[in-house]
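**Student:** model this:
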Amino acid sequence: MSGLSTAEAQSGIETPTAYRQSPFLPAPPHLETVQDRLPPDPVVLDPASLFPAPANEGMGPGEFGGNLVLVRDPYARVDVPALALRENLLSAPAWDPGDPRPNILTRWHVHPDRRHFRLELRTGLRWSDGVPVTTRDVAFAFNDLWLDPEMNFLGMPNVIRAGGDGNGTPVSLRIQDDVVFYLDFDEPYGGFVRALTELHPAGYTDFLKPAHHLADFHPDYATVADLRSRMQTSGTKYAWELLQAADCQPPELGQDACTGFPGLQPWIQTEVEPDGTVRLERNPWYFKVDPAGRQLPYIDTLAVLPPADPQPPSPTAAPGADLATPADGWHRRTDYLALGELGRHGIRILESAQDPVALHLNHTGKGERWQALVAMPDFGRALPLAINRPGLAAALSLPDAGTVHDSEAANRLLDGMGLTERTEQGMRMGPSRQTAALTLAYATEESGLHRIAERIVGDLAAVGLDVSAEPLPSRLLTIRMHSNQLQMSLGPSGGPGWTTGTAQDHLPNGATGRQWQLWHDSDGSLGTEPPIPILELYELASVLASVLPSDQAARQARARLGPINEEQSLILPLTPEAGQLVVFATGLGNLARGGPVEAAMAAAELFHWTESGDEAAPRQ
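**Tutor:** Next up is the predicted model:
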C-alpha cells in the first residue's frame, strides 16, 4: 500500500528513562508503579514546544498538585470542561488536521484511494480502571453499537458514514489483531482524518467503547436476569435504552453513569454533589508525560460548577472559577479588561473561529414579499452598507475591520430594485404596493444581541426598510429555523473558521436556506433545488470530504467557500473577528498566549499552579 503513512512523531523530544507520579496517588502496593501503568511509549508533551512562538511564551514544566475550578456555561461558545476532557485518536496541537500527530493511535495509513484506513492503537494503553485498551473495544463500538440496528436506535455518528454524510453508507470494520484495525468506506473520504483529531467534538468515543464495562448492559453478553435487574434499577424499558444510559462520553458531565466510567481522559468523574458540582480526579493510567517523566496531568483534581444563573455569566458571576470563556466577552470587553487591571484575574484574547455577530438571510423563507426581496442580489449588497458596522464595532470596543457605512449607496441599490414608493412614514413598499415589513429574530439568551438588534432596526429604517426585532427563546428560535419560518436572524458566523476546517459553516441551514438544506439532505425528494452557486457549495463540501485536509484540492476548495457565501449573501458579518476573551486566575500556568482558543483549552493536562500573581500553588 502507498499513500500517506505516518508513524510516531518524535519532534526531537526524547522518551524519559524514569517516571514520577503525583503524590496525590497512592503508592505501591495500593497501586501499581507509574512505570507499570504507563505504556512502553507514552506520549511526551513538552509545554514549550506544543505551541509555536509567541503563543508558548512562559510555558514550561510544571509541578503536581491543586484543584482547578471550571464552570459550565450553556451560553458560552467555547465549552471549556468538554475541551479539557477531550481525547482523540490523533492529535492536532495547532488545531490543524493537516498535520496530525500520534495520540491514542501510534500509526495510521491512508490508502491512495482515500477509502481504506489502517489504524494502530498505542500498545499498552489502559482504561482508567487499568483494563487494557484493545481492538475488542473498537469492535464493541462498531459491531455491538453503531452497526447493530437493534442497538443504535438513536442513529450513528455521521463521521463513520461515507463522506461524513448522514446519507452515506456506514463504514466496514476489519480487525487484524489486538492493536491493528481497518476502516473501509465505499467512496473516497480523506476528510475522515479530520474526524480522528481534536476537531471532532466526540473525541475517541465514536470509535472506542470500554467493552469490559458496557458488555454488562448488552443483550449479547449479559444474562436476561441481569439485564432485567439493570433495567429496573435504571428505569429503562428497552435493551438499546439501557446501553445508551450506561454509556458515557467524557464531555457528558454530571450523569450518574459517568461516575467511575472507564475513560482515557486526564481526569475521571468521581462525584456529583447535590448542587450539581461535578468532582473529577486524575486518571492514574493516563498515557502522557512531560519531558522530565512526570505523569500528566499536573493538576490533581477538577471541580466543574453548574451554571450560576440562567443568564450568561458576568464578570462577577460564578465566583471561584479559575478559568472561563464568558459568553458576553465579545460585547463587554471593556468591563473584563477593567477586571483584569485589578490584578486578581488574567485576561487573554485568543483566536476564535467565529465572528461574534452576523446577519443571516433565509433565502427560502416563507412569504412572497420576503422571497421577492431576498431573491434580488442588490438586497444582500444593500444591507451591509446600510448597517453602521464601523459604529457597531466602536460601540463594542472591537477593532475596526475596514467596513464601510454608506447609506446613500444602500438607497441607490434599493431604488434600483424598484422599491421607490414609500409610505407616509418613509418606509419602502414592495412590488405589491404593501409595506415590505421584515422581521429580525435573535436568541434572548444571547446577551448583547438586543442592543445590536435595536441599532440594526434603526439603521435599516433610515434607508426605508421596515424591520421589527423579534427576540425569541433559543429553543423557539431553533424550532422556527427547522420549520423555515425565519427571514433575517442574528447569530455568530463560523465563516472565518480555521484554514483547515470543513464546509459546514458555509452550507445552507435553517437560518440561510432551509428548503435548500432539505433538498440536499433528502436527495431531492423534499425542499427546493438550490441555484447553481449553492450547488457549487455542496460540490466543494464533497471535495473537502473526499480529499485529505493537507491536499492542494482541499486548500483550493476552502478558498472558494467564503467568496461564494459572500456573493450569495447567505451570511453577512456585522462585527470584526474579535477573538475569544479568556478570564483566568493569575496563578494558572501553561495557558497559551495565542493561537486557537480550543487548542489552548484542550491542553488542560499541562495547566499547573504557580507562585506568580495572587494565586498560591497548589490551589485547594
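
**Student:** ok, residue 511 - contacts?
**Tutor:** Going by C-beta atoms under 8 Å, 6 or more residues apart in numbering, residue 511 touches 360, 362, 481, 486, 489, 491. All C-beta atoms are positioned from the backbone trio N, CA, C, and that covers glycine.

**Student:** Excluding chain neighbours, what is closest to the first one?
**Tutor:** Spatial nearest neighbour of residue 360, chain neighbours left out: residue 511 (3.9 Å); criterion: C-beta to C-beta, 6 or more residues apart in numbering.

**Student:** From residue 17, how far out is that neighbour?
**Tutor:** Distance of residue 511 to residue 17, given as C-beta to C-beta, to the nearest Å: 56 Å.

**Student:** same question, residue 439
**Tutor:** Taking C-beta to C-beta as the measure, residue 439 and residue 17 are separated by 67 Å.

**Student:** Neighbour count for these two, which is higher?
**Tutor:** Higher neighbour count among residue 439 and residue 17: residue 439, with 17 against 6, using other C-beta atoms under 10 Å.

**Student:** would that one count as being in a strand?
**Tutor:** Yes: per DSSP: H, G, I helix; E, B strand; the rest coil, residue 439 lies within a strand segment.

**Student:** By mean pLDDT, flag the weakest helix or strand of this protein.
**Tutor:** Sorting the helices and strands of the chain by mean pLDDT, DSSP states H and E puts strand 5-6 at the bottom, at a mean of 38.

**Student:** quick one: contacts of whatever helix or strand comes next after that strand?
**Tutor:** Once the chain leaves strand 5-6, the next helix or strand it forms, by DSSP states H and E, is helix 34-37. With C-beta under 8 Å, 6+ apart as the test, helix 34-37 has contacts from 18-21, 31, 126, 130, 284-285, 295.

**Student:** neighbours of residue 54, just the number please.
**Tutor:** Neighbours of residue 54 under the rule other C-beta under 10 Å: 11.

**Student:** Could you tell me the per-residue confidence at the most centrally placed residue in the chain?
**Tutor:** Residue closest to the average C-alpha location in the chain (C-alpha atoms, centre = their mean): residue 201, at 5.4 Å. On the pLDDT scale, residue 201 is placed at 86.

**Student:** picking up where we left off before, could I get the contacts of helix 34-37 in CSV, plus columns for neighbour count, distance to residue 232 and pLDDT?
**Tutor:** Shown next, in CSV, are those (neighbours: other C-beta atoms under 10 Å; distance: C-beta to C-beta, whole Å; pLDDT from 0 to 100):
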residue, neighbour count, distance to residue 232, pLDDT
18, 8, 50, 95
19, 17, 45, 97
20, 15, 46, 97
21, 21, 41, 98
31, 15, 35, 96
126, 21, 32, 98
130, 13, 30, 98
284, 20, 33, 98
285, 26, 33, 99
295, 26, 41, 98
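
**Student:** Would you point out the most distant pair within these?
**Tutor:** Farthest pair in the contacts of helix 34-37 (C-beta to C-beta) is 18 and 130. Separation: 21.3 Å.

**Student:** Spell out the secondary structure type for the spatially closest residue to residue 323 that is not a sequence neighbour.
**Tutor:** Computed as C-beta to C-beta, 6+ apart, the closest residue to residue 323 that is not its neighbour in sequence is residue 584, at 4.8 Å. Following three-state DSSP, we place residue 584 in the strand state.

**Student:** what sits against residue 584?
**Tutor:** By C-beta under 8 Å, 6+ apart, the contact list for residue 584 reads 322-324, 345-346, 348, 591.

**Student:** do that again at 6 Å, thanks
**Tutor:** Contact analysis of residue 584 by C-beta atoms under 6 Å, 6 or more residues apart in numbering lists 323, 346, 591.

**Student:** With residue 456 instead?
**Tutor:** residue 387 are the contacts of residue 456 under C-beta under 6 Å, 6+ apart.

**Student:** Figure out how far the strand or helix carrying it is from the centre of its chain.
**Tutor:** Assigned by DSSP H and E, residue 456 belongs to helix 449-461. Computed by C-alpha atoms, centre = their mean, to the nearest Å, the chain-centroid distance of helix 449-461 equals 29 Å.

**Student:** And for stretch 334-342?
**Tutor:** 27 Å.

**Student:** Same check on stretch 585-605?
**Tutor:** Chain-centre distance of stretch 585-605: 16 Å, with C-alpha atoms, centre = their mean.

**Student:** Stretch 58-72 now?
**Tutor:** The chain centroid and the centroid of stretch 58-72 are separated by 22 Å under C-alpha atoms, centre = their mean.

**Student:** now stretch 394-403
**Tutor:** Computed by C-alpha atoms, centre = their mean, the chain-centroid distance of stretch 394-403 equals 26 Å.

**Student:** Buried residues, that stretch. List them.
**Tutor:** 396, 398, 403 (16 or more other C-beta atoms under 10 Å).

**Student:** Show me what it is in contact with.
**Tutor:** Counting by C-beta under 6 Å, 6+ apart, 331, 333-334, 389-390, 393, 575-576, 578 sit against stretch 394-403.

**Student:** again, only this time at 8 Å
**Tutor:** 330-331, 333-334, 356, 384, 389-390, 393, 448, 455, 575-578.

**Student:** Nearest to residue 56 among those?
**Tutor:** Nearest to residue 56 among the contacts of stretch 394-403: residue 577, at 22.2 Å, using C-beta to C-beta.
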